[in-house]
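# My questions concern the predicted model and sequence given below.
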Amino acid sequence: MKSRLSRRRFLLSSGAAFGACLSNGRLSYAKPADIKPFGPASRYMPSIKATFVRRKEEYGMRWPGQVYDGVAALEKYQKEFRQAARDLGIRFDLRGQPIYGLDEAETWVAQASESRPDGLMVILLDRQEHSWPTADLAIDSGIPTVIYSPVGTSFTTNTSPIADRGNLFISCTDDIREPIFGMRMVKAGAKLRETRFVVLQGKERRDTEVPGFGTRLRYVPARDFLDEYEKTPLSAQVKEIAGQYMDGATRVEGASEEDVQNGVKSLLVARNILEREEGDAITMDCLGALGKSSVSLPCIAWSAMLDRGIPAACEADIGACLTHALVQYLFDRPGFQQDPVPETAKNCLIGAHCTCPTRLKGIEEQPEPYHISHHHGSRDAVPVPVWRLGQRMTSADIILRDGSNPQMIVSTGTVVDNVAVPPSGGCVVSIMVELDGVDDYLSYPGFHQIFFYGDYRKELRNYCRLFDIESVLV
């Protein structure tokens, strides 16, 4: 193994866009501004049409009752939802006055439908008369609809008749964070629809969409990656990023400086392809395209893309592409695409792969400690992050089905071990988790599930309801 590069050498190097920063006692690489999405999703601003609903007269004895200050609530929610829309980057078209009757509701829904927003939001400040019928009209539009019902504006008799309908999220709480997350879900669905994945696979160029999602797929011959790689120099940028990876690692095992540089070179290759093809995200038949060549598999490149908020999926798996993108759009953190391995003695599931992001806590957060190792094929170089023991996590897997609505398989659990490979076999990033309520891992459903930090079972179930996806909660 060649000697590691000195920290001082890279801190003093030029190229400010690729500069390093010291945080929490270890080196953390900066995020180059020019490695970013270039596709339609990066330019798209989602839109929501919103309205309040209530009676014009005083509440009196009927819920929410005279004790409820509807004027103050209106002012409070107007301010909070408008601020949330600004923070989320959503065009929020809020009706100037509450809807005071069913005729107004019919007109509003019809006009909103004509403008084709990404979502509707109905904020109920009343339980009586036209309030829930207005919610029904919005749901009937077929547009993903968020119904917010603060405490005092609904009984279960209001919610139970519509609770299982599709394209709907009902939030009944005084906690404003939940309906704001409903807005985030609308945004995520719109961004997912507008996302263009560059799929490096096969020999033909073609454009298509994923049924049920609208996500764009631009198939590009795998040979294009090789051609771009061969003409990309071992530049100062490549050496800078490679140096930051090596200097930030807790140790380097097997992989040489050259291995790391060759892997990082694929990051700039992928960046150039994204720009040329106007892509927001990328995937590749990596083993099929590069497995028999001397070109490095893009494990570091994909890890770096994920850390920079660019969905990057292995093996041209379209379901994994969608799940990667959804996790990033909903939770602002990258996920780990993995091969599920049962561990029968400990009754756990091991997620094993050779590409894993390091910014597991969030794209804007510091990376987890990592070391650099060879790929399980004893070639190339990959970062191997240490997952925090005891960390709550979620597993998500979008399943595409011909002729049927898609499914999402969701589990939550706890990280219990980072399996050392070697001496164990398999992929060098191997994370052992104990899933809630699962007692037979031999038949755990799905493949290439995305593991990510946080317990988000409820949020993913709600997203599935809003976008008419069948949720399978394991």
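Right, received. Where do you want to start?

# Please verify my assumption that residue 249 contacts residue 382.
No: between residue 249 and residue 382 there is no contact under C-beta atoms under 8 Å: 10.9 Å. For every residue, glycine as well, the C-beta is placed using N, CA and C.

# Looking at the two, which is more packed in?
Between residue 249 and residue 382, residue 382 has the larger neighbour count (other C-beta atoms under 10 Å), namely 28 against 21.

# confidence score at the residue nearest to that one when sequence neighbours are not counted?
In space, not counting the residues next to it along the chain, residue 382 is nearest to residue 299; the distance is 4.2 Å by C-beta to C-beta, 6 or more residues apart in numbering. On pLDDT, residue 299 comes in at 91.

# hmm, who's touching stretch 128-135?
51, 53-55, 62-63, 99-102, 105, 109, 122, 124, 145, 147, 153-154, 158, 162 (C-beta atoms under 8 Å, 6 or more residues apart in numbering).

# do that again at 7 Å, thanks
Contact with stretch 128-135 is made by 53, 55, 62, 99, 101, 102, 105, 122, 124, 147, 158, as judged by C-beta atoms under 7 Å, 6 or more residues apart in numbering.

# for the residue nearest to residue 382, what are its contacts?
263, 354, 355, 375, 380, 382.

# How many neighbouring residues does the residue lying closest to residue 296 once chain neighbours are set aside have?
The spatially closest residue to residue 296, leaving aside those adjacent along the chain, is residue 262, at 4.1 Å (C-beta to C-beta, 6+ apart). Residue 262: 22 surrounding residues under other C-beta under 10 Å.

# now swap in residue 192 and tell me
23.

# Distance check, it against residue 132.
30 Å (C-beta to C-beta, to the nearest Å).

# Residue 188 too?
For residue 188, the distance to residue 132 - C-beta to C-beta - is 27 Å.

# go on, residue 393?
Relative to residue 132, and taking C-beta to C-beta, residue 393 is found at 38 Å.

# now residue 434
42 Å.

# what about the two, which has more around it?
residue 132 (24 against 17).

# list the contacts for residue 449?
Counting by C-beta under 7 Å, 6+ apart, residue 449 has contacts 338, 340, 395, 396, 397.

# Compare the residues you listed and tell me which has the most neighbours.
residue 395 leads these on contacts (other C-beta under 10 Å) with 28 neighbours.

# Can you verify it is assigned to a strand?
Yes: counting by DSSP: H, G, I helix; E, B strand; the rest coil, residue 395 falls inside a strand.

# so it sits right up against residue 454, yeah?
No: Residue 395 lies out of contact with residue 454 (C-beta atoms under 7 Å); the separation is 11.3 Å.

# about what we covered before: ok, the contacts of residue 299 vs residue 139, which is closest?
Taking C-beta to C-beta as the measure, residue 139 sits nearest to residue 355 out of the contacts of residue 299, at 40.6 Å.

# what about the closest one, neighbour count?
Neighbour tally, residue 355, other C-beta under 10 Å: 28.

# Check the one 10 residues further on too.
Neighbour count of residue 365, defined by other C-beta under 10 Å: 13.

# show me what contacts it?
Applying C-beta under 7 Å, 6+ apart, the residues near residue 365 are residue 359.

# Residue 238 sits in which helix or strand?
According to DSSP states H and E, residue 238 maps onto helix 236-248.

# same for that helix, what does it pack against?
helix 7-11, strand 26-29, helix 257-277 (3 or more C-beta pairs under 7 Å, 6 or more residues apart in numbering; DSSP states H and E).

# Residues touching the longest one, excluding its own?
Helix 257-277 has contacts (C-beta under 7 Å, 6+ apart) with 2, 5, 35, 37-38, 198, 218, 220, 224-225, 228-229, 232, 234, 237-239, 241-242, 245-246, 282, 296, 298-301, 304-305, 372, 380-381.

# Stretch 45-53 too?
Against stretch 45-53 from outside (C-beta under 7 Å, 6+ apart): 74, 81, 89-95, 98-99, 108, 112, 115, 117-126, 131, 134, 183, 186-187, 190-191.

# Check the burial of residue 209 by counting its neighbours.
12.

# what pairs with the residue nearest to it when sequence neighbours are not counted across the strands?
Leaving aside its sequence neighbours, residue 209 sits nearest to residue 216 (C-beta to C-beta, 6+ apart; 5.7 Å). Counting by DSSP bridges, residue 216 forms beta bridges with residue 196, residue 209.

# can you list the domains in the chain?
7-39+195-473, 41-192 (automatic domain parsing).

# looking at those, which is buried most?
Neighbour counts (mean count of other C-beta atoms under 10 Å) averaged over each of the domains of the chain peak at domain 7-39+195-473, with a mean of 19.

# need the contact list for the closest residue in space to residue 351 that isn't next to it in sequence.
Nearest residue to residue 351, sequence neighbours excluded (C-beta to C-beta, 6+ apart): residue 338, at 3.3 Å. Contacts here follow C-beta under 7 Å, 6+ apart; on that basis residue 338 touches 351, 352, 353, 448, 449, 451.

# which residues sit against stretch 411-428?
339, 341, 348, 350, 352-354, 373, 375-376, 382, 384, 386-395, 430-436, 438, 455, 457, 474.

# Okay, and which of the residues you listed map to strands?
339, 341, 348, 350, 352-353, 373, 382, 384, 392-395, 430-435 (DSSP state E).

# and stretch 147-162, average pLDDT?
98.

# Residue numbering should commence at 18 henceforth.
Okay, using 18 as the starting number, the last item reads as stretch 164-179.

# quick one, helices of the stretch 118-267 of the chain?
Per DSSP state H, counting those that start in this stretch, the stretch 118-267 of the chain carries helices over the ranges 119-132, 148-157, 173-176, 194-211, 240-248, 253-265.

# For those, give me CSV that also has distance to residue 379.
Output for these, formatted as CSV (distance: least, C-beta to C-beta, whole Å):
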stretch, distance to residue 379
helix 119-132, 34
helix 148-157, 33
helix 173-176, 33
helix 194-211, 14
helix 240-248, 29
helix 253-265, 18
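
# among these, which is nearest residue 423?
Closest among the helices of the stretch 118-267 of the chain, using C-beta to C-beta: helix 194-211, at 11.6 Å.

# And the contacts of that closest one?
So helix 194-211 is contacted by 57-58, 61, 63, 65, 101-102, 105, 107, 135-136, 138, 161, 163, 165, 186, 188, 230-232, 339, 342-343, 346-347, 476, 479-480, 483-484 (C-beta under 7 Å, 6+ apart).

# Kindly reformat the helices and strands packed on helix 253-265 as CSV containing distance to residue 421.
Below are the helices and strands packed on helix 253-265 laid out as CSV (distance: least, C-beta to C-beta, whole Å):
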stretch, distance to residue 421
helix 24-28, 52
strand 43-46, 43
helix 274-294, 30
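
# Dump the ones you listed into TSV; add distance to residue 335 and mean pLDDT as well.
Formatted as TSV, the helices and strands packed on helix 253-265 follow (distance: least, C-beta to C-beta, whole Å; pLDDT from 0 to 100):
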stretch	distance to residue 335	mean pLDDT
helix 24-28	38	33
strand 43-46	30	44
helix 274-294	16	94
